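>>> coordinates only, sequence not included:
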């Protein structure tokens, strides 16, 4: 299976707040993480510590520390005598991630709608406006997912739950989002089914702005399940 991607512009994904941005290990962590999330490093890829250290111009210890951080995020796995590998993918894991994300993200969304004030609404409107003005694919390269759109997409989903107020739920939601994004990015170059993603996002946005919790939850769940279905039919997991 050949995955088409843009190696020159890795996605800038949200980083954990505890990450130390002033160290070489953090630089290694940031780059390897971006390569995994954008599928430059495909699931199941063996990670050679010496090669990564040379490529990133950092020490072996910095790479080991970076990989340890990524293991805590379930983006890499470590096995005795075999070292580190990019976390594999499977139909069961996709199903588990989807169900967990629906449970967590809809709970966050319910709470966000209940607690959200005018300032939250304003941030959500801004996030929606930006996302709705961007193309999902790169200009002239329909099989390449736009990094700018991907960042706006992540911001929109984060802002939907931005008034939730429960840091633990939001951390879990962010982790599940990134895991599901890895699957989605694998499927983009292979998709054959036509899908109106902007209309799905608008349905969620309109329901949230109307403070209609049942409709918002249903629209979000439909959106997440459709993504999972398309991934399953597009990628040989």
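Structure's in. What do you need? Fair warning: this is a prediction, and the values are worked out from it, not measured in the lab.

>>> which regions of this structure lie under the pLDDT threshold?
For the chain, the stretches flagged by pLDDT under 70 are 1-22, 138-144, 188-193, 236-237.

>>> At the geometric centre of this structure, which residue sits there?
Among the residues of the chain, the one closest to the centroid is residue 178, at 2.8 Å (C-alpha atoms, centre = their mean).

>>> next one: the helix or strand hosting residue 233 to chain centre, how far?
Residue 233 is located in helix 213-234, with elements delineated by DSSP states H and E. Centre-to-centre, helix 213-234 and its host chain are 15 Å apart (C-alpha atoms, centre = their mean, to the nearest Å).

>>> quick one on the thing from earlier: thinking the residue nearest to the centre of the chain is in contact with residue 36, fair?
No: with contact defined as C-beta atoms under 8 Å, residue 178 does not count as touching residue 36 (9.3 Å). Bear in mind the C-beta positions are built from the backbone N, C-alpha and C, glycine included.

>>> Need the overlap of contacts for those two.
Common neighbours of residue 178 and residue 36 (criterion: C-beta atoms under 8 Å, 6 or more residues apart in numbering): residue 75.

>>> if I look at the residue nearest to residue 31 when sequence neighbours are not counted, how far off is residue 35?
Distances taken as C-beta to C-beta, 6 or more residues apart in numbering put residue 56 closest to residue 31, at 6.0 Å, once the chain neighbours are dropped. Noted for residue 56: a distance of 10 Å to residue 35, by C-beta to C-beta, to the nearest Å.

>>> same question, residue 94
Distance of residue 94 to residue 35, computed by C-beta to C-beta: 21 Å.

>>> In this structure, where's the longest helix?
helix 91-115 (DSSP state H).

>>> Any chance you could list what contacts that helix?
120, 157, 160-166, 169-170, 172-173, 176-177, 179-180, 183, 208, 211, 213, 216-217, 220-221, 224-225, 227-228, 231-232, 237.
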